[in-house]
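A.B. asks: sharing a sequence plus its predicted fold:
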Amino acid sequence: MSEIIIQIDGREIAADEGMTVLQAAQKAGISIPTLCYLETLEPYGACRLCSVEVEVRGRTNLVAACLYPVEKDLIVRTRTEKVDRIRKVILELLLAHAPEARGLQMQEYAEEYGADKNRYEKEPSFCIQCGLCVRYCAEIKKKNAICFVNKGPTREIQFIPEIASKECWNCTECFPLCPTEYLQGVFVLTKALAFPANPMGPTSAE
Amino acid sequence: MPRINSTAELEELRKGIIAQKDPDKPCISICAGIACLGLGNDQVISAFEEEIKKLSLEDKVDIRATGCHGYCEKGPIVVIYPEEICYLEVKPEDVPEIVSQTVIGKQVIDRLIYTDPETGTKAAHQSEIPFYKNQSRLLIGNSPKINPASIDDYLAIGGYSALAKALFEMSPEEVLDEIKKANLRGRGGGGFPAGSKWETTRNAQPGVEKYVIVNAHEGEPGAFMDRALFTGNPHLILEGLIIGAYAIGSHQGFIYTRHDTPVLRKNLDLALAKAKEYGLLGDNILGSGFSFNVEVHLDVGIFVSGESSALMKSIEGMPPEPRPKYIRTSVTGIWDRPSNLNNVETWANVPQIINQGYQWYSSIGTERSKGTKLISLSGNIVNSGVVEIPMGTTLREIVYDFGGGIPNGKKLKAIHFGGPMGGTIPESLIDTPLDFDELKKVGASLGAGDMLVLDEDTCMVEMGRLFLDFLAGESCGKCVPCREGMRQMLKILTNMTQGEGKEGDIELLEEIAGVVGEAALCSLGRSIHKPLISMLKYFRDEFEAHIKEKRCPANFCKELN
């Protein structure tokens, strides 16, 4: 693989062809905040917290670092006024749902970007829809026991009882990925409502 | 019907079809467009069929249920050929009289023809009615003359001659060159030069299969021109698509359309089957050696699936969630193969450009926006319907000359273009010409051509809320700026209309809008704030009145007045 030289925040960095801006930055020890990114999963581009400004042939664009491929002479700026403003608003919008989220460095990011968790009226749905659980189950476990339902602002995660009642007992690998406890809550609820007869897992009869 | 294997056979067949048609034979052309059907034209069609049967005139009179005639306001519309007498607002009980008086008796029925509401002047022919008079109906004008289910009707008006010309007289490069020189710009909203897009797909990933797609996913409120054109004349778009495929080097096409327009689906399936039977589609088209097939795909009922990358995901069988287009879909689209997507109206322009040349085409329109444009005219307007006019026509002409002005003596307040991702401009800018770039300059992108006319009773805060409310059900919800930004903007606007607006709300709206417009994932997300921004630009005082004085200047918001 050929090496490409790009510039991130004024530093020249060697990246491999096919890398994303985020991967190149991480390799060089430059931190870009992410919420929906996990190294083992396909980049998703949903949280937009990794938004950075890139300059190609004199034109500047705002792009998601987790998806944008490196190219020759690319100039990346990870902390412009615009980038910081966007990150602050994104965090504030999400903190309205999960003000106390402990995972994914939400609180650390909030502090760094000056995000006010009380900016918007609280809507305690707890889920920030990073999709880590959904994608982990689909891509790594290949079970699709949990999925997104609905669309727009009504979108939410949901276990599929028929699959969850068979697959989730010995797995629960998605639980620690969740930045809140919401995922476990949804699972408990699914269990109680959809398969209450065997709340402790499949019986010997199955 | 044996398949056609050469241009000579095509022309011979065409001659045969035309020879069989007696130009003096009466034909009753009844609009079966969506609006007219909604107004009960299916009953009018049945009434004509019964009456003709009753009088045993089946051999002497043709009945043709056609695509949209355009003048939706005055539907159901019936045109009697060969005299081209146009009857408006026809009811089933008028049918016996029309047959006896006009079809047989050649007399015009005065009460059914157009009467100018101001001068009382009558107009018996479609071409004399002010709504139609100065239109340039290059694309939709044939709809009243053909039965969408009949490929022979399309052949009789010269159909597929552009395809024959492209396949036998032009190289793919020459076809591409013609489209580029014509400066045909995408009619779906972006206004991107179609020729450049074709070229990108043509040159992308050599050796890999390429796709061409018709985006017939017209989904925004107030847009109904694409389905009018496509339902009424499906072969026109199909012909454009095959020509495009030839230029691009694609052998597989897709038509992506809505699941809730069954008439369009029916006409499409029929058109594809007939074109295949005639050898105009499939293997070795017209004996040229070029092969091309088309599949129809239906959406899953969400507006965002009209976004190009979401649409392509949907064709793959995945949920219609957009992906970022850092690598364009014209390079990496369906199954990561080069995929060229154009809107219905863009494809429909192709045959006439090939037939009449880029010089003719680029003589129509403005310097940078060529050709005609279909406009869905709706809202507070006397004549709602589908209008086709040259680019460069001013909005004033559209509203007053074609649209007949504002009903009920009300004043024009604003014009909104492009639906929930478009923009609103005030009455003072009504002399702006219909032009991709001019409209963009004043903050109202042309969009797909849906023009909503708003009178003085319209509350702009409510309009802004309404568009966001629509989008809330139509965004996929994947990315944070679009999903959460929309949720908050909708909440703020709803509060304003209910008298609960707060100091600072406008600034907050602008802050969120700025982030959504920059950081959202797809072109839908990056456009959801546009109507609001244009309304804040031109009607900021209305928003302020809602907040500071708890007053709705248009007297619309019930909680405030």
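C.D. replies: Arrived safely. Numbering: from 1, shown residues only, chains lettered A, B, ... in the order given.
A.B. asks: got the contact list for B:Glu518?
C.D. replies: B:Glu518 is in contact with A:51, A:62, A:82, A:86, B:481, B:526, counting by CB atoms under 8 Å, 6 or more residues apart in numbering or on different chains. (C-beta placed from N, C-alpha, C; glycine too.)
A.B. asks: same thing but 6 Å
C.D. replies: Residues near B:Glu518 by CB atoms under 6 Å, 6 or more residues apart in numbering or on different chains: A:Leu62.
A.B. asks: beyond the biggest helix by length in chain A, next helix or strand please.
C.D. replies: Counting by DSSP state H, the longest helix found in chain A is helix A:81-95. Proceeding N to C from helix A:81-95, the next assigned helix or strand is helix A:106-112, under DSSP states H and E.
A.B. asks: how about that following helix: buried residues?
C.D. replies: The neighbour-count check on helix A:106-112 (16 or more other CB atoms under 10 Å in any protein chain shown) flags A:106-107, A:109-110 as buried.
A.B. asks: helices or strands up against the longest helix of chain A?
C.D. replies: With contacts taken as 3 or more CB pairs under 6 Å, 6 or more residues apart in numbering or on different chains; DSSP states H and E, helix A:81-95 sits against strand A:51-56, helix B:505-519.
A.B. asks: any idea how the chain splits into domains?
C.D. replies: Assuming you mean chain A. A:3-80, A:132-194 (automatic domain parsing).
A.B. asks: meant chain B, my bad for not saying
C.D. replies: B:22-143, B:159-361, B:372-455, B:460-560.
A.B. asks: so what's A:Lys166 up against?
C.D. replies: No contacts exist for A:Lys166 under CB under 6 Å, 6+ apart.
A.B. asks: checking my notes, it in a helix, right?
C.D. replies: Yes: assigned with DSSP: H, G, I helix; E, B strand; the rest coil, A:Lys166 falls within a helix.
A.B. asks: hmm, back to that, okay, buried residues for the longest helix of chain A please.
C.D. replies: Here helix A:81-95 shows A:82-83, A:85-95 as buried, counting by 16+ other CB under 10 Å.
A.B. asks: any idea which of the domains of chain A scores lowest on pLDDT?
C.D. replies: Mean pLDDT is lowest for domain A:132-194 among the domains of chain A, at a mean of 88.
A.B. asks: so which bits of chain A are right by chain B?
C.D. replies: A:45-48, A:51, A:62, A:67-68, A:86, A:89-90, A:93, A:120, A:151-153, A:155 (CB under 6 Å from any CB of the partner chain).
A.B. asks: list phi and psi for the residue of chain A at minimum distance from chain B.
C.D. replies: With CB to the nearest CB, the shortest gap between chain A and chain B falls at A:Arg155, namely 3.3 Å. Dihedral pair for A:Arg155: phi -60, psi 140, per degrees, to the nearest 10.
A.B. asks: helix, strand, or coil at the residue nearest to it when sequence neighbours are not counted?
C.D. replies: Leaving aside its sequence neighbours, A:Arg155 sits nearest to B:Gly477 (CB to CB, 6 or more residues apart in numbering or on different chains; 3.3 Å). Secondary structure for B:Gly477, judged by three-state DSSP, is coil.
A.B. asks: B:Arg551 too?
C.D. replies: Strictly by three-state DSSP, B:Arg551 counts as coil.
A.B. asks: then the one 4 residues further on?
C.D. replies: With three-state DSSP as the basis, the three-state label of B:Asn555 is coil.
A.B. asks: pull the longest strand from chain B.
C.D. replies: strand B:372-379 (DSSP state E).
A.B. asks: quick one: name the residues of chain B near chain A.
C.D. replies: Residues of chain B lying near chain A by CB under 6 Å from any CB: B:302, B:324, B:326, B:472-473, B:475-481, B:483-484, B:487-488, B:515, B:518-519, B:521.
A.B. asks: among those, name the buried ones.
C.D. replies: Buried subset of the residues of chain B next to chain A (neighbour count, 16+ other CB under 10 Å): B:302, B:324, B:326, B:472, B:475-481, B:483-484, B:487-488, B:515, B:518-519, B:521.
A.B. asks: distance of B:Gly365 relative to B:Ile353?
C.D. replies: Distance, B:Gly365 to B:Ile353, using CB to CB, to the nearest Å: 12 Å.
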